[in-house]
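1. Got a predicted structure plus its sequence, pasted below:
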Amino acid sequence: MFREMRRKKQQLTEKECIEILEKSSSGVLAVSGDDNYPYAVPLSYVFSDGKVYFHCARQGYKLDCIKNNDKVSFCVIGQDNVIQSEFRTAYKSVILFGHARILEDESEIFHSIRTLSQKYSPDVPEEEHLAEIEKFKNALCMVEITPEHITGKQSKN
């Protein structure tokens, strides 16, 4: 169903892909938009328990696209170093293909918000996380992406 990587020598291992997904702070979500135009949007996310979670407003184009077609791709750039003297870039990136689901269960929503909050503010006390979640939980929507296929690539050394 999914194409194999053409340049296999540059392919990252599954472990390397997971590390990039866990450590990176932003990625680009691509969905099928109006009139079959692709729509790609950068966002903050967390990778936990083998899934990607992100938050967004309760209404908007991104959610409309997901409701119309839950198949998405998500790309993360784990390394991007320009090497001017060699006219090249040293990079590592991961792309996954999967299905997006708008979370509706309160416990799933809470767990995903808390996991996201802890990723971006690990040094903030737990009670502050909980207070922030309580303050904004009714204004946001949480989305889960379940990967079907994950692949990663790195530049030639």
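-> Thanks, I have it.
2. Other residues contacting the helix or strand of the chain with the lowest mean pLDDT?
-> When the helices and strands of the chain are scored by mean pLDDT, DSSP states H and E, helix 126-136 comes last with a mean of 86. Helix 126-136 is contacted from outside by 110, 113, 114, 117, 118, 121, using Cβ atoms under 8 Å, 6 or more residues apart in numbering. No exception for glycine: its C-beta is placed from N, CA and C like everyone else's.
3. What ranges in this structure fall below the confidence cut-off?
-> Filtered on pLDDT under 70, the chain yields the residue ranges 157.
4. in it, which spans are strands?
-> 26-32, 38-44, 46-48, 51-57, 71-83, 88-102, 140-154 (DSSP state E).
5. which residue of the protein sits farthest from its center?
-> residue 85 (32.4 Å; Cα atoms, centre = their mean).
6. what sits against that residue?
-> Applying Cβ under 8 Å, 6+ apart to residue 85 gives no contacts.
7. re earlier: select from the contacts of helix 126-136 every entry located in helices.
-> Members of these lying in helices (criterion: DSSP state H): 110, 113, 114, 117, 118.
8. Neighbours of the second one, how many?
-> What that stands for is residue 113. 22 (other Cβ atoms under 10 Å).
9. Next: residue 130.
-> 13.
10. now it: how far from residue 15?
-> Distance of residue 130 to residue 15, computed by Cβ to Cβ, to the nearest Å: 33 Å.
11. Ignoring the adjacent residues along the chain, who's closest to residue 53?
-> residue 112 (4.2 Å; Cβ to Cβ, 6 or more residues apart in numbering).
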